[in-house]
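[1] Provided below are the primary sequence and the corresponding predicted coordinates.
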Amino acid sequence: MKFTEELREENKDIFQAIFHHPFVRGLGEGELPEDAVAHYVKADYEYLNTFMQLYGTAISQSKKREDISFFQGQVAFVLGDEIHPHRNLCEYIGIPYEQLQGFPLPPTADHYRTHMKSVATDGLLGKTIAAMLPCPWTYQEIGRELKEEFAPEAEHPFFEWIDFYAADSIDETVDYLKKRLDEEAEAASPEDRQLMKEAFRKSCQLEYAFWEMSYTKEDWPIREEVLK
Ligand SMILES: Cc1ncc(CN)c(N)n1
C-alpha cells in the first residue's frame, strides 16, 4: 500500500465528516447562510495567502527543478484561478470580493496557518507536503462528491465552485503532491514518516474545523473593533 493510500485510509473518518458538514452540504444543496459564506471568504482569502507562502517554503526545500516548477505553478494557480470559486461565493452574497480581503484570521484558521508553518520549519520537504496535502485533496473529493450527488447545472448558485474543485486541474495538483509525498516517505526514517502522518491528520482535522469555523462564524472572544 502506498503511503498516501495509508493516509487516506487512516483519515477516512475525517473525510466522511467533511462531506457531511452542513457548510459542504449547503454548497451541494445551493443554499447557505450569507454571513457564513462571507466569514468563509474572508478567512479563506488570507489562508490562501499563507498557502502560497508555504509553496515558497517548499521551493526552498526542493532539490529538483521539476518540483520548483510545480510549486511555482501552484502559486500562479492560486493567484490566477482559485479566485474564481471565491468570486462565485461573493456573487451569491452580493458583496464585492475586495470588501472581504485583509481581515485577521479567526482562531481556527490562525491555528491551521501556524500548524502548517511550524511543520514546514522542520526543513523536510516530505513533512511540508504532508501538512499541505489535505487542502487540495479534501476539496478535490468534495468537488467530486457534490458533482456526483447533485449534478449541478449552470444555474445552480454554486455551480462554478463545484465545477472548479471537480476539475482535472485539481486532480493534477493532488496527483503530483501524492506522488512526491510517496517518494519522500519511502526515503524517510520511520520517525519522520510518523511525523508526516501526524502533520497530515492534524491538517485534515483543521480542514473540518475550517468549515465549522465558517458555519458558526467563529471569531476571537475580544474582537478587533472593541480594542480600537
Ligand atoms: C481552508 C481551505 N482548504 C482548502 C482549500 C482548497 N485549496 C481552500 N481554498 N481553503
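    Now that the structure is in, tell me what you want to look at. Numbering: from 1, shown residues only.

[2] how about the helix or strand harbouring Ile59: buried residues?
    Following DSSP states H and E, one finds Ile59 within helix 34-60. Buried positions in helix 34-60, judged by neighbour count with 16 or more other CB atoms under 10 Å: 36-48, 50-52, 54-55, 57-59. All C-beta atoms are positioned from the backbone trio N, CA, C, and that covers glycine.

[3] ditto for stretch 211-227
    Within stretch 211-227, the residues that qualify as buried are Trp211, Met213, Ser214, Tyr215, Glu218, counting by 16+ other CB under 10 Å.

[4] how much space separates Phe23 from the ligand?
    Separation of Phe23 from the ligand (CB to the nearest ligand atom, to the nearest Å) stands at 11 Å.

[5] residues near that residue, how many?
    Neighbours of Phe23 under the rule other CB atoms under 10 Å: 20.

[6] can you name the residues that contact it?
    Shown in contact with Phe23 (CB atoms under 8 Å, 6 or more residues apart in numbering): Leu32, Ala36, Tyr40, Trp211, Glu212, Ser214, Tyr215.

[7] hmm, back to that, quick one: the buried residues of stretch 211-227 as CSV, columns for pLDDT and distance to Lys147 too.
    Shown next, in CSV, are the buried residues of stretch 211-227 (pLDDT from 0 to 100; distance: CB to CB, whole Å):
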residue, pLDDT, distance to Lys147
Trp211, 99, 18
Met213, 98, 25
Ser214, 98, 21
Tyr215, 98, 21
Glu218, 98, 28
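
[8] restricted to strands, list the residues you listed.
    Secondary structure from DSSP state E places none of the buried residues of stretch 211-227 in strands.

[9] quick one: end-to-end length of stretch 51-68, please.
    Start-to-end span of stretch 51-68 (CA to CA, to the nearest Å) is 15 Å.

[10] quickly note the distance from the residue nearest to Met196 when sequence neighbours are not counted to Leu54.
    Leaving aside its sequence neighbours, Met196 sits nearest to Ala130 (CB to CB, 6 or more residues apart in numbering; 3.9 Å). Distance, Ala130 to Leu54, using CB to CB, to the nearest Å: 12 Å.

[11] ditto for Pro136
    From Pro136 across to Leu54, the span is 12 Å (CB to CB).

[12] for Gln61, same thing?
    From Gln61 across to Leu54, the span is 10 Å (CB to CB).
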